[in-house]
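S.K.: What follows is a protein structure lacking sequence information:
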Ligand code: 1BN
Ligand code: ZN
């Protein structure tokens, strides 16, 4: 874009129109007038040219949907295809290919399967764990590890099982650990995405915990399926630098009132397990590293699926957390510009026709400056305490249905569910630098 001051410098009214009486050598009125006319003509032409150039280059990112008018309403794929024509930056191109990877019906079906009463120790809790196991058994390239342990609680001895799905880069298979056989953490670096699959136990009603956290779990399962072809291609070409790890925590919820000791059982156990594993120097960024020090980012999704969530940069004082938050906010801005978020859809994830205007297009990730760091207790506690960079994707305020019987599928905002599924996929693909062309 030309600098705004250029027009004036090149002869606009502010410069070339210096009054003749002040100009040296102005001898007669007519000569002065014709010279002035010529100067005005040149200055005016330059100004028109500059305004034209400014209009051309100031259009944000020059995507074809921006330049050629709005894409057809409610057509996510057509919006993406419109983006194909003009969006040349790698992120926009990647988005145009990723936008159609969500199987909307499958995502909605999965949320319904997961959003059942599933407190630790119940049969439904085991069934949900089996659903997650079966999901990864049906994919290729993923390994599933389990961290199972027993611990006393106020409701007696309980068994917890964290499920850890890992997609390893090629090189980690060469860099086997010397000191342990835990290959799931043996990549040079890891991106960890996490959500909890247990639900809080309530005596007097059946708590389905749809936002807490059936939706985040379903988003991670969708992400694993959708990115699998991209991951396989990157790994086989030895272009995948980080392992992608999806962690499904057990025992996030307290058995009684939430306290530091009665909560986050699964994540506390796994963080301590990984912290006590010594990684061989060639599998970690620093010598004497442990199973936490090669985690580049720990992204925790919680309480997602209610209407109009706003997530703030809670941990802005940690550089890697701040950078991750800003990257997520910038991805959201790009998706919004491409008209791929806030599109009205029904409970099956299908566009509503004819389309009502989007009800709310406020940003989800709000990069507004906060006065001080904010810590909302959750499954990241034990990781943050050991200096793992965290992006905590939890809305403030919590959904209105939080820990109420009404936290069920009927009260989900499906637009938000699908928007976060897309955000999570684009963020992950961008973080792992997956190639923008489709596999
Ligand atoms: C999130 C979902 N949490 C519980 N269920 C964590 C939390 C702890 C939220 C204390 C608010 C207060
Ligand atoms: Zn909860």
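M.R.: That came through, no problem. Because the structure is a prediction, the values reported are computed rather than measured. Ligands and ions are numbered 1, 2, ... in the order given.

S.K.: Give me the phi and psi angles of the closest residue to residue 431 other than its chain neighbours.
M.R.: Excluding the flanking residues, the one nearest residue 431 by C-beta to C-beta, 6 or more residues apart in numbering is residue 191, at 5.5 Å. Every C-beta, even on glycine, is put in place using the N, C-alpha and C of the backbone. Dihedral pair for residue 191: phi -100, psi 120, per degrees, to the nearest 10.

S.K.: and if you look at the one 3 residues further on?
M.R.: Its backbone dihedrals place residue 194 at phi -140, psi 150, with angles given as degrees, to the nearest 10.

S.K.: same thing with residue 156?
M.R.: Here residue 156 shows phi and psi, under degrees, to the nearest 10, equal to phi 90, psi -170.

S.K.: ok, now how distant is it from residue 320?
M.R.: Residue 156 sits 40 Å away from residue 320, going by C-beta to C-beta, to the nearest Å.

S.K.: Among these two, which residue is more densely surrounded?
M.R.: Set side by side, residue 156 and residue 320 show more neighbours around residue 320, with 17 against 8, by other C-beta atoms under 10 Å.

S.K.: That one: what secondary structure?
M.R.: Each residue gets one of three states, and residue 320 gets helix by DSSP: H, G, I helix; E, B strand; the rest coil.

S.K.: if I look at it, how far off is residue 311?
M.R.: 17 Å.

S.K.: Identify each of the strands in the stretch 301-439 of the chain and give its residue range.
M.R.: Along the stretch 301-439 of the chain, counting by DSSP state E, counting those that start in this stretch, strands occupy 311-312, 365-366, 390-393.

S.K.: any chance of the ones you listed in JSON lines, with mean neighbour count too?
M.R.: Below are the strands of the stretch 301-439 of the chain laid out as JSON lines (neighbours: other C-beta atoms under 10 Å):
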{"stretch": "strand 311-312", "mean neighbour count": "21"}
{"stretch": "strand 365-366", "mean neighbour count": "18"}
{"stretch": "strand 390-393", "mean neighbour count": "26"}
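
S.K.: To residue 209, which of those lies closest?
M.R.: strand 390-393 (16.8 Å; C-beta to C-beta).

S.K.: Is that closest one positioned near ligand 1?
M.R.: No - if you take C-beta under 6 Å from any ligand atom as the test, strand 390-393 misses ligand 1, and the best it gets is 10.3 Å.

S.K.: what does the protein have sitting close to ligand 2?
M.R.: The interface of the chain toward ligand 2, taken as C-beta under 5 Å from the ion, is made up of 200, 212.

S.K.: Please list all residues in contact with residue 349.
M.R.: 102, 104-105, 107-108, 414, 417-418 (C-beta atoms under 8 Å, 6 or more residues apart in numbering).

S.K.: So which of those residues are in helices?
M.R.: Mapping the contacts of residue 349 onto helices (DSSP state H) picks out 104-105, 107-108, 414, 417-418.

S.K.: what are the ranges of the helices in the stretch 101-250 of the chain?
M.R.: All helices of the stretch 101-250 of the chain, identified by DSSP state H, counting those that start in this stretch, fall at 104-114, 123-137, 170-174, 215-236.

S.K.: Just say which of those is most tucked in.
M.R.: Among the helices of the stretch 101-250 of the chain, helix 215-236 has the highest mean neighbour count (mean count of other C-beta atoms under 10 Å), at a mean of 23.

S.K.: Please name every helix or strand in contact with that one.
M.R.: If contacts are counted by 3 or more C-beta pairs under 8 Å, 6 or more residues apart in numbering; DSSP states H and E, helix 215-236 sits against helix 104-114, helix 123-137, strand 156-167, strand 189-196, strand 242-249, strand 295-301, helix 414-431.

S.K.: one step back: redo the helices of the stretch 101-250 of the chain as CSV? Include mean pLDDT.
M.R.: Supplementary listing: the helices of the stretch 101-250 of the chain in CSV, determined by pLDDT from 0 to 100:
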stretch, mean pLDDT
helix 104-114, 94
helix 123-137, 98
helix 170-174, 62
helix 215-236, 96
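
S.K.: okay, the helices and strands packed on helix 215-236 in TSV with distance to residue 333 next?
M.R.: Below are those laid out as TSV (distance: least, C-beta to C-beta, whole Å):
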stretch	distance to residue 333
helix 104-114	23
helix 123-137	31
strand 156-167	28
strand 189-196	21
strand 242-249	24
strand 295-301	18
helix 414-431	11
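
S.K.: Export these as TSV, with columns for distance to ligand 1.
M.R.: Shown next, in TSV, are those (distance: least, C-beta to the nearest ligand atom, whole Å):
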stretch	distance to ligand 1
helix 104-114	15
helix 123-137	16
strand 156-167	16
strand 189-196	8
strand 242-249	11
strand 295-301	10
helix 414-431	16
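
S.K.: Select, out of those, the one closest to residue 344.
M.R.: The closest of the helices and strands packed on helix 215-236 to residue 344 is helix 414-431. By C-beta to C-beta, the value is 6.3 Å.

S.K.: which strands and helices sit next to that closest one?
M.R.: If contacts are counted by 3+ C-beta pairs under 8 Å, 6+ apart, helix 414-431 sits against helix 90-98, helix 104-114, strand 189-196, helix 215-236, strand 295-301, helix 319-337.

S.K.: Out of these, which gets nearest to residue 353?
M.R.: Judged by C-beta to C-beta, the one of these that comes nearest to residue 353 is helix 104-114, at 14.3 Å.

S.K.: Not counting its own residues, what contacts that closest one?
M.R.: Here helix 104-114 makes contact (C-beta under 8 Å, 6+ apart) with 128, 131, 197, 210, 214-215, 217-219, 221-222, 225, 305, 345, 347-350, 409, 412, 414, 417-418, 421.

S.K.: number of nearby residues for the nearest residue to residue 433 once chain neighbours are set aside?
M.R.: Nearest residue to residue 433 in three dimensions, chain neighbours excluded: residue 241, at 7.3 Å (C-beta to C-beta, 6+ apart). By the measure other C-beta under 10 Å, the count of residues near residue 241 is 17.
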